[in-house]
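# here you go, sequence then predicted model.
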Amino acid sequence: MDKQNKKLIGIDLGGTTTKFAIMTSQGEIQQRWSIQTDVLNDGNNIIPNIIESINHHLDLYQMQPQQFAGIGIGTPGSVNYQQGTVSSAFNLNWNRPMALKQQIETGTNIPVQIENDANVAALGERWQGAGDNAANVAFVTLGTGVGGGIIVNGQIVHGVGGSAGEIGHMTINPNGYQCTCGKRGCLETVASATGVVRVARDYAQEYAGNSQLKASLDNGDDITSKDVFDLAKQNDSLALKVIDTVSDQLGLALSNVAVTLNPKYIIIGGGVSNAGEFLLTHVQDKYNQYVFAAVKDTTSLRLATLGNEAGVIGAASLILDN
């Protein structure tokens, strides 16, 4: 059976759920399922649970390991590509190197490739989503944090220490908010879901105008980034001010990505991107102000199209590339 006819398994390993898909080599999802990620017991249950789930589903679908070209896994944390290990994925309670590749290969008898989760989302969007299979694409994911993935000539760029594409830790405002990484003014501190709320709380304190967002914050209500965008769409004055700041910082960051890499597309994904065209229009306006003229004509901003499936699709594509 040649590789073209063999199937792929894509796994998107997250802090709360782990998603699985069985796919064709053309990128069509045939089966999908998910399990809770059990981070208890120092994260020692995670790998055995993945192995058990794969073997259980292969039994269920009456499939054999030899029908698969491989398993691709997108994982949080720092990936050592030579050894197939993951070190320090704090949301999985992994504070030591975990032998992801070797253990899952042994447990399933299927070859395994691993990659950072933001990079696999980039690969997924490039292959089956907004990237139109272009050779040069940058992807920025706006979630709990801000991640990035850079694809040049069809290949993920890792950099010498695996930190290429950490767009979330670009310093956008040296006097800005403190970031969990220890620096100040990282893009992540304003453009992540938590960042949007942080900007809203900060601005609400000094805001004197009439605003439903301010009233909610003054009441001590829990708000989300979605609430801020929803109110901005209804022309809430404070919410619009918040979105203006967030879009400004994001537009500035993406203009720097654009002039550094000049990719065909910069794709915006992650939970915050669910604000859709409203977000894109605001970011595009700021990007146009900051971006170098020659780049403006050749690099365009796009919204991601795959949503939650980008991870499993990109993970599966790791097998095609190797």
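Looks like it arrived, so ask away. Keep in mind the model is a prediction, meaning the values are calculated, not measured. Numbering: from 1, shown residues only.
# so who does A293 touch?
A293 sits next to no residue when contact means C-beta atoms under 8 Å, 6 or more residues apart in numbering. For every residue, glycine as well, the C-beta is placed using N, CA and C.
# and the closest residue to Q212 other than its chain neighbours, how far is that from K296?
Distances taken as C-beta to C-beta, 6 or more residues apart in numbering place D236 nearest to Q212, at 5.3 Å, with adjacent residues excluded. From D236 across to K296, the span is 31 Å (C-beta to C-beta, to the nearest Å).
# these two: which is more packed in?
D236 (23 against 15; other C-beta atoms under 10 Å).
# isn't that one right up against A215?
No. Contact criterion C-beta atoms under 8 Å: D236 and A215 do not qualify, at 9.8 Å.
# for the stretch 151-300 of the chain, just list every one of the helices.
Taking DSSP state H, counting those that start in this stretch to define them, one finds helices in the stretch 151-300 of the chain at 188-191, 193-206, 212-218, 225-233, 237-261, 277-290, 293-296.
# output those helices as a markdown table; include the columns distance to W33 and mean pLDDT.
Output for those, formatted as a markdown table (distance: least, C-beta to C-beta, whole Å; pLDDT from 0 to 100):
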| stretch | distance to W33 | mean pLDDT |
| --- | --- | --- |
| helix 188-191 | 31 | 97 |
| helix 193-206 | 26 | 96 |
| helix 212-218 | 38 | 96 |
| helix 225-233 | 27 | 98 |
| helix 237-261 | 34 | 98 |
| helix 277-290 | 31 | 98 |
| helix 293-296 | 42 | 96 |
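# what about the residue lying closest to G143 once chain neighbours are set aside, how many residues nearby?
Spatially, and ignoring its direct neighbours in sequence, G143 is nearest to G270 (4.1 Å; C-beta to C-beta, 6+ apart). Using other C-beta under 10 Å, the number of residues around G270 comes to 23.
# surely G270 touches G149?
No. Shown here, G270 and G149 do not form a contact pair, counting by C-beta under 8 Å, at 11.4 Å.
# next up, the contacts around A258.
Taking C-beta under 8 Å, 6+ apart, one finds 138, 266, 287, 291-292, 295-296, 299 in contact with A258.
# ugh, wrong one, I meant I223
197, 200, 213, 216-217 are the contacts of I223 under C-beta under 8 Å, 6+ apart.
# just the pLDDT at N322, thanks.
pLDDT recorded at N322 is 65.
# so who does the residue nearest to G251 when sequence neighbours are not counted touch?
Leaving out its chain neighbours, the residue that sits closest to G251 by C-beta to C-beta, 6+ apart is K286, at 2.7 Å. Contacts for K286 (C-beta under 8 Å, 6+ apart) come out as 247-248, 250-252.
# can you rerun that using 6 Å?
Contacts for K286 (C-beta atoms under 6 Å, 6 or more residues apart in numbering) come out as 247-248, 251.
# the residue nearest to G143 against V140, yeah?
No. Distance between G270 and V140: 7.7 Å, which falls outside the contact criterion (C-beta atoms under 6 Å).
# just for the chain, where's the confidence low?
For the chain, the stretches flagged by pLDDT under 70 are 1-3, 322.
# so how far is V140 from the closest residue to D202 other than its chain neighbours?
The shortest distance from D202 to any residue other than its chain neighbours is 8.0 Å, reached at Y177 (C-beta to C-beta, 6+ apart). Per C-beta to C-beta, Y177 is found 18 Å from V140.
# just want to know which of the two has more residues nearby.
Legend: neighbour count by other C-beta under 10 Å for Y177 and V140, higher for V140 (29 against 15).
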